[in-house]
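S.K.: just the structure for this:
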Amino acid sequence: MTAEATGEWQGWRAAAEAALYGPDGFYRRPEGPAGHFRTSVHASPLFAEAVARLLCRADEALGRPAELAFVDMAAGRGELAAGVLAALPAEVAARARGYAVEITERPEGLDHRIEWLAEPPKGITGLLFANEWLDNVPVEVAEVDSAGEARRVLVRGDGRERLGEPVSAGEARWLARWWPLPAEEGLRAEIGLPRDEAWAAAVATVERGLAVAVDYAHTAHARPPFGTLTGFREGRATAPVPDGSCDITAHVALDACLEACALPGGRVLTQRDALRTLGITGARPPLALASTQPAAYVRALASAGEAAELTATGGLGGFGWLLQPVGVPDVLTD
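M.R.: From the prediction side, this is the model:
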C-alpha cells in the first residue's frame, strides 16, 4: 500500500519501496521501464555487444567453464540479457546461460535460454551485470534542521515532506563516513546503506567471475549538497511522488558500495572509459568510404552516432561503472 493510499507520513525508503515494487507499483506497470526512460540498453544494441565482449573476457579469465552465467539484475523486460546472448560468438553462446532478475512476470517471446528469477542465482561462474539497479534501491533521505542536526525526511503519497526523528546510529555512521553534512539548515543527503548491503549481497552470489554495477553516481569528493532524489515519467524528470505513478531514483554512492564488498581488486570508472576499452569509441568512419561504399558508410555513421551517445561525457558516458572481480584478475583492461 502506497503512502498516498494510507495518507501516512513515512520515511522515503518505505514510501519508495511501496510505490515502486508494491502490488500496484511503478515497476509492475505493463509498459515496463522502457515506457518511461531510456537506458544505455535501449539507446543502442552496441551496449549489449560491449557487455557480451566483457562476458567473453570473463570467460577467458575463468578458463572457459562448461557453463558460463550471465545475470542481468533489474532486467526490465529482458532486453539486455537477450542482446548479450545474441551477440556472443557461437562457441561461447553454446555454454552460456542467461538469468534475468526482475519482480514482474516473464515476458512472452523471451529467449528460452534465459531463466526468469525474482532473486539472483547463487554460486555462479560468469558475469553479474546490474545496469541502473542500485539507483532504484530505496534509501532514507536526511536533511539538516535549524539546529544543525540531521533528521529523516518523511513523505506522504502526494509528495509533501516534513522532518522526522534524528537519523539512526547506523545511518549517522554512514553519513559521517560517506556523506558528512555540515550544520547548515536545508542540506540533504541520501543514506546509501541499503545499497551497500544490496550490492554486497549481489556480489556474494558470484563464486568466480565479475560483478558490475552501472549507474548514475557520485563519489565522496563531489557529493551534491541537496541530494539527487527525483522522479521520471514518460521520458521526463518530474517531482518524486510516491504514489506509483513515476519512477523514484537517486544517484548512487558507488565508492561506498565498493568498500562494502570488502574484496580486493574493485574499482570505479566512467562508462566512457569502460566502453572504449570494449571497443565502443564513437569515431566517425573515414569519409572515403562514402564514395566507395555509400551504404556501408551510412551504417557506420549511424553506429558512430549511437556510440557517441553511449560515451558522451555529459550523458550516458558519465555513468559510473563499479567493477568487482571475484577470484579472477581485472578483465577490463586495454
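S.K.: give me the below-cutoff pLDDT ranges for this protein.
M.R.: Along the chain, the model assigns pLDDT under 70 to residues 1-6, 31-38, 282-291, 293-305.
S.K.: care to break it down by domain?
M.R.: 3-13+139-186, 20-138+192-282+313-326 (automatic domain parsing).
S.K.: quick one: distance of the longest one to the chain centre.
M.R.: Okay, so that is domain 20-138+192-282+313-326. Here the centre of mass of C-alpha atoms in domain 20-138+192-282+313-326, compared against the chain's by Cα atoms, centre = their mean, to the nearest Å, lies 5 Å away.
S.K.: hmm, who's touching stretch 265-283?
M.R.: With Cβ atoms under 8 Å, 6 or more residues apart in numbering as the test, stretch 265-283 has contacts from 40, 46-47, 50-51, 53-54, 214, 217, 219, 254-255, 258, 304-305, 307-308, 310-313, 316-325, 329-330, 332-334. (Glycine included, C-beta is placed from N, CA and C.)
S.K.: now with 7 Å?
M.R.: 46, 50, 53-54, 214, 219, 254-255, 258, 304, 307-308, 310-311, 313, 316-325, 330, 332-334 (Cβ atoms under 7 Å, 6 or more residues apart in numbering).
S.K.: buried ones only from the residues you listed, please, as a PyMOL command.
M.R.: Selection of buried members from those for PyMOL, criterion 16 or more other Cβ atoms under 10 Å:
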select buried, resi 46+50+53+54+214+254+255+258+304+307+308+310+311+316+317+319+320+321+322+323+324+325+332
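S.K.: list the buried ones in stretch 238-254?
M.R.: 238, 240-254.
S.K.: what segments of the protein are helices?
M.R.: Here the chain has its helices, by DSSP state H, at 3-6, 12-21, 40-43, 45-61, 79-87, 90-93, 169-178, 193-203, 254-261, 271-277, 288-292, 294-311.
S.K.: how about those, which one is nearest E105?
M.R.: helix 12-21 (13.9 Å; Cβ to Cβ).
S.K.: how about the top strand by length along the chain: buried residues?
M.R.: When the chain is parsed with DSSP state E, its longest strand is strand 206-215. Buried residues in strand 206-215, counting neighbours by 16+ other Cβ under 10 Å, are found at 206, 208-215.
S.K.: swap in stretch 260-271?
M.R.: Per 16+ other Cβ under 10 Å, stretch 260-271 contains these buried residues: 260-261, 263, 266, 270-271.
S.K.: likewise for stretch 215-229?
M.R.: Result for stretch 215-229 [16+ other Cβ under 10 Å]: buried residues 215-218, 223, 227-229.
S.K.: likewise stretch 107-125?
M.R.: Applying 16+ other Cβ under 10 Å to stretch 107-125 flags 107, 110, 114-116, 120, 124-125 as buried.
S.K.: likewise stretch 171-186?
M.R.: Result for stretch 171-186 [16+ other Cβ under 10 Å]: buried residues 171-172, 174-175, 178-179, 181.
S.K.: which one of the residues you listed is nearest to E17?
M.R.: The closest of the buried residues of stretch 171-186, once distances to E17 are taken by Cβ to Cβ, is E171, at 16.2 Å.
S.K.: the closest one and A150 touch, don't they?
M.R.: No. Between E171 and A150 there is no contact under Cβ atoms under 7 Å: 8.4 Å.
S.K.: related to what we said a few turns ago, with distance to L163 added, can I get the buried residues of stretch 215-229 in TSV?
M.R.: Converted to TSV, the buried residues of stretch 215-229 look like this (distance: Cβ to Cβ, whole Å):
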residue	distance to L163
D215	28
Y216	26
A217	27
H218	23
R223	20
G227	14
T228	19
L229	15
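S.K.: can you give me the strands in the stretch 51-200 of the chain?
M.R.: Taking DSSP state E, counting those that start in this stretch as the criterion, the stretch 51-200 of the chain carries its strands at 68-73, 96-101, 114-117, 124-131, 140-144, 150-155, 161-166, 188-191.
S.K.: can you redo these as CSV with distance to E8?
M.R.: As requested, the strands of the stretch 51-200 of the chain are exported to CSV (distance: least, Cβ to Cβ, whole Å):
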stretch, distance to E8
strand 68-73, 31
strand 96-101, 30
strand 114-117, 32
strand 124-131, 31
strand 140-144, 16
strand 150-155, 9
strand 161-166, 12
strand 188-191, 20
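S.K.: OK, contacts around G170?
M.R.: Residues in contact with G170 (Cβ under 7 Å, 6+ apart) are L193.
S.K.: nearest to W12, of the buried residues of strand 206-215?
M.R.: After measuring the buried residues of strand 206-215 against W12 - Cβ to Cβ - the closest member comes out as D215, at 17.9 Å.
S.K.: list the contacts of that closest one.
M.R.: 132, 134-135, 252, 254, 319-320.
S.K.: from A66, how far out is it?
M.R.: 32 Å (Cβ to Cβ, to the nearest Å).
S.K.: next one: L117
M.R.: 21 Å.
S.K.: same deal with G227?
M.R.: 46 Å.
S.K.: pretty sure I248 is in contact with A18, am I right?
M.R.: No. I248 is beyond contact range of A18, at 10.5 Å (criterion: Cβ under 7 Å).
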